[in-house]
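# Dropping a prediction and its sequence here:
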Amino acid sequence: MAPSAPPILDFSPFYGGDSEAKTQLVEAVRNCCLYNGFFQITGHRVPLDLQRRVMRCAERFFDLPLDEKLKIDKNNNSFNRGYELLRSQMLEVGTGPELKEGLYIGQEIPEDHPYYIQKKLNSGPNQWPPTVPDKEDFQRTSMEYYNAVFDLAKDVLSLLALTLDVNEDYFDPLTDGAVATMRMLHYPAQPKDADEKLNRGIGAHTDFGCITLLLQDEVDGLQVLDAPTGQWLDVQPVPGAYVVNLGNLFMRMANDRYKSNIHRVINKSGRERYSIPFFFSGNPDYLCECLPNCRAEGEAPKYPPITVEDMVTASYKESYGRAEQYKKEMEEKAKLKMETTPATAAVGA
């Protein structure tokens with residue numbers, strides 16, 4: 001059978017009373033998780049109007065001058081809230097740092113909150129752009145959307161529990177007090193003749209946490225690897241749909257039975273691209289262990305237990321450290337070239 005892009009599934013049976021339709025949805029999601037961990041969903045409860053409004057918020061923010069965006073530089077804090085410059089992250093070895101800029105938003109965690117005091121994963125107050133047009137609407141819409149997708153992520157995890165033949169509420173300890181991060185992303189138009197190997201919107205990678213729900217605009221660019229054939233499959237944007245994929249944390253808990261699959265973004269459209277991924281990590285103290293029904297009787301789990309916080313934090317450090325190391329190497333090469341060029345010219349003379 002020829003490889004095909006992640007299927008589009010109607011999620012509405014999860015909320016309805018048709019048990020047969022719900023069973024079919026569970027089976028379809030289970031098959032996707034076993035194959036490559038990717039699928040798209042429609043029929044969810046996040047309103048299309050809210051999706052469009054938050055996408056317009058992203059456009060308004062990224063239209064700001066750079067010096068205005070840098071007023072909320074995420075380097076101002078240690079908990080990943082605020083603006084991220086182009087080429088800050090590098091997920092794929094052998095490419096350049098990535099052609100995207102972002103705005104990190106999460107649940108509002110005040111400075112007297114236990115998560116902030118204990119310096120938990122990605123936990124702190126948001127940094128809001130002071131000069132974005134209609135800033136009150138920007139903040140209100142962003143948080144309305146964040147909360148709506150947070151609820152949808154919990155619903156998806158309930159469905160995933162059913163695919164593992166456990167109760168819908170199995171992941172409640174994971175979702176109670178969960179940390180999730182929303183990123184508004186902007187991919188500048190990329191020259192069509194740009195070196196594809198070096199110029200990635202996002203390099204080939206797997207996600208760090210439990211699940212990701214991605215809202216795309218109408219510009220394509222997302223590609224998912226079909227592991228059996230080695231082909232890259234385009235994931236065409238579908239109005240109102242979410243691209244859902246499992247992250248490394250879920251694959252680890254599933255003992256590698258379910259897949260956290262490689263994907264990337266290459267913006268060849270000649271247009272700007274906007275997307276809003278929602279990364280659901282979980283309660284930072286939740287101990288991730290092998291899930292029920294994910295290993296044979298008598299078989300040992302492949303991985304030792306690890307907390308959500310330890311797993312995701314290590315992944316962040318690796319990808320951002322890689323980008324910083326690349327930039328440092330490029331600066332050193334440029335400096336060396338400047339130092340050697342006059343000497344070479346003198347010899348040639």
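Cool, the structure landed.
# can you map out the helices along the chain?
Ranges of helices within the chain are 19-35, 48-62, 66-69, 114-117, 135-163, 172-175, 248-253, 308-348, based on DSSP state H.
# Please produce TSV containing these, extended by mean pLDDT.
TSV is the format used below for these (pLDDT from 0 to 100):
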stretch	mean pLDDT
helix 19-35	97
helix 48-62	98
helix 66-69	96
helix 114-117	97
helix 135-163	98
helix 172-175	98
helix 248-253	96
helix 308-348	63
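# Next, count neighbours for Leu185.
Other residues lying near Leu185 total 21 when counted by other Cβ atoms under 10 Å. For the C-beta atoms, the positions are set from N, CA and C on the backbone; glycine is no exception.
# And for Leu291, the neighbour number?
21.
# out of everything not next to it in sequence, what's closest to Gln225?
Check again: residue 225 is Leu, not Gln. Ile262 (4.2 Å; Cβ to Cβ, 6 or more residues apart in numbering).
# From Ala227, how far out is that neighbour?
Distance, Ile262 to Ala227, by Cβ to Cβ, to the nearest Å: 8 Å.
# Among those two, which residue is more densely surrounded?
Legend: neighbour count by other Cβ under 10 Å for Ile262 and Ala227, higher for Ile262 (19 against 13).
# In this structure the more buried one contacts Gln223, no?
No: if you go by Cβ atoms under 8 Å, Ile262 and Gln223 don't touch, sitting 9.3 Å apart.
# Which parts of the stretch 101-250 of the chain are strands?
For the stretch 101-250 of the chain, the strands defined by DSSP state E, counting those that start in this stretch cover 101-106, 179-187, 202-205, 211-216, 222-226, 231-234, 242-246.
# any idea which of those is most buried?
strand 242-246 (a mean of 26; mean count of other Cβ atoms under 10 Å).
# Okay, now the sheet partners of that strand, with direction.
Strand 242-246 sits in its sheet next to strand 38-42 (antiparallel), strand 211-216 (antiparallel), going by DSSP bridges.
# Check the offset of it from the chain's centre.
9 Å (Cα atoms, centre = their mean, to the nearest Å).
# can you list the residues that contact it?
Applying Cβ atoms under 8 Å, 6 or more residues apart in numbering, the set of residues contacting strand 242-246 from outside is 6, 33, 37-41, 44, 46, 149, 152, 156, 207, 210-216, 222, 224, 235, 254, 258-261, 263.
# just stretch 119-138 next, same as before
With Cβ under 8 Å, 6+ apart as the criterion, stretch 119-138 contacts 57, 60-61, 64, 68-69, 71-72, 74, 76-83, 103-111, 113-116, 139, 179, 181, 281, 284-285, 308-309, 312-313.
# Show the end-to-end separation of it, please.
Start-to-end span of stretch 119-138 (Cα to Cα, to the nearest Å) is 27 Å.
# chain center to it: distance?
For stretch 119-138, the distance to the chain centre is 19 Å (Cα atoms, centre = their mean).
# distance of the closest residue to Gln139 other than its chain neighbours from Leu121?
What sits nearest to Gln139 in space, not counting adjacent residues and going by Cβ to Cβ, 6+ apart, is Trp128, at 5.2 Å. From Trp128 over to Leu121 the distance is 21 Å, taken as Cβ to Cβ.
# same question, Phe280
Phe280 sits at a distance of 12 Å from Leu121 (criterion: Cβ to Cβ).
# So between those two, which is more surrounded?
Neighbour tally, Phe280 and Leu121, criterion other Cβ under 10 Å: the higher count belongs to Phe280, 27 against 24.
# Buried residues, stretch 23-32. List them.
Leu25, Val26, Val29, Arg30, Cys32 (16 or more other Cβ atoms under 10 Å).
# returning to what we had before: nearest to Glu98, out of the helices of the chain?
Nearest to Glu98 among the helices of the chain is helix 308-348; the distance by Cβ to Cβ comes to 7.8 Å.
# Just the buried residues of stretch 278-296, please?
Of the residues in stretch 278-296, 278-284, 286, 288, 290-291, 294-295 count as buried by neighbour count, 16+ other Cβ under 10 Å.
# How about stretch 245-259?
Those would be 245-255, 257-259, for stretch 245-259 by 16+ other Cβ under 10 Å.
# quick one: the residue nearest to Asp10 when sequence neighbours are not counted from Pro13, how far?
Take Asp10 and drop its neighbours on the chain: the residue closest to it by Cβ to Cβ, 6+ apart is Gly43, 4.3 Å away. Per Cβ to Cβ, Gly43 is found 8 Å from Pro13.
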